[in-house]
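S.K.: pasting the sequence and the predicted model now:
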Amino acid sequence: MAWDPSVYLQFADERLRPALDLLARVPLSQPRQVIDLGCGAGNVTALLHKRFPQAEVSGVDGSATMLEKARAAAPGCRFVEADIGAYAPPVPPDLIYTNAALQWLPGHESLFPALFARLAPGGALAVQMPNMTSAPYRALQVEVASEGPWAALLDGIKSALPILSAEQYWDLLAPQAAGIDMWETIYMHALAGEDAVVRWACGTSLRPYLAALPEEMRPAFLAAYRARIDAAYPRRPDGVTLLPFRRLFLIARHK
Ligand SMILES: C[S@@+](CC[C@H](N)C(=O)[O-])C[C@H]1O[C@@H](n2cnc3c(N)ncnc32)[C@H](O)[C@@H]1O
């Protein structure tokens, strides 16, 4: 199931908040080259451009559909369709900013030092990633996928990967860094409407499972997930569903 900006942006406000919290801590005033890695629909790329109007801001993403939306959302920026792991910026960037994207890539032990090494001297790598693998929201996806008539079809299907610990990222980057700012936040997202958590998941972590199922099987799979999600995240009498969402932030500054 390809990335769909209209599904992803259903919860645009909630998804934007961590992007802004990351941006607020970027310790640069006049970067010239800024890269938004995994820029998605470009709404955050436009904010990078607004914060650093003197910079050349480039968005990089692997999804043509997301990039089409991004080009319209941030007309002053350049966009490149590329895989994050393979992307080599033509000029060393002063800022590599990446919000909610690197959790989709394997091999963080080599990926993080490689991204950091691409920075210009004095530059910064700013990263935010969900840290939800053990939360019911994600654990129930794995559970439902492994039971029921779809189990064989979903065997081996992986969603966003578990990220490393904060300490491991520190150890990977500290030897080369002038300093690292790292923190974790649990957002208590107050989601409105019916099936809010399932709709949230359809925009991101549930996509690989849905993509692997024939269309006629998807409603039953979603119903099984919904039944367990409703028990773990009940809708409150005021209609709100609370989704606690843990995220890791890190900003590493190049020497
Ligand atoms: C959850 S969205 C985040 C989008 C944006 N950064 C934001 O904050 O709204 C993740 C994005 O990462 C992109 N992505 C995931 N893995 C990728 C890869 N290996 N190479 C390029 N883009 C990738 C997806 O296409 C998607 O647009």
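M.R.: Received the coordinates, thanks. Residues are numbered from 1 along each chain as shown.

S.K.: leaving out sequence neighbours, find the closest residue to the residue in the stretch 1-150 of the chain positioned nearest to the ligand.
M.R.: Nearest to the ligand in the stretch 1-150 of the chain, going by C-beta to the nearest ligand atom, is Gly40, at a distance of 2.4 Å. The C-beta positions use only the backbone N, C-alpha and C, and glycine is treated the same way. Of all residues not flanking Gly40 in the chain, Met66 sits nearest, at 4.9 Å (C-beta to C-beta, 6 or more residues apart in numbering).

S.K.: mind checking the SS state of that neighbour?
M.R.: At Met66 the chain is in helix, as set by DSSP: H, G, I helix; E, B strand; the rest coil.

S.K.: hey, where'd the helices end up in the stretch 51-200 of the chain?
M.R.: Assigned by DSSP state H, counting those that start in this stretch, the helices in the stretch 51-200 of the chain fall at 64-73, 108-117, 136-146, 151-154, 166-173, 196-202.

S.K.: which of those is buried the deepest?
M.R.: Of these, the one with the most neighbours on average (mean count of other C-beta atoms under 10 Å) is helix 196-202, at a mean of 21.

S.K.: quick revisit: wait, the residue of the stretch 1-150 of the chain closest to the ligand touches Glu68, no?
M.R.: No: assessed by C-beta atoms under 8 Å, Gly40 is found out of contact with Glu68, at 11.4 Å.

S.K.: on that earlier part again, need the helices of the stretch 51-200 of the chain in a markdown table (columns: distance to the ligand and mean pLDDT).
M.R.: Below are the helices of the stretch 51-200 of the chain laid out as a markdown table (distance: least, C-beta to the nearest ligand atom, whole Å; pLDDT from 0 to 100):
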| stretch | distance to the ligand | mean pLDDT |
| --- | --- | --- |
| helix 64-73 | 4 | 96 |
| helix 108-117 | 10 | 97 |
| helix 136-146 | 14 | 94 |
| helix 151-154 | 20 | 95 |
| helix 166-173 | 18 | 98 |
| helix 196-202 | 11 | 93 |
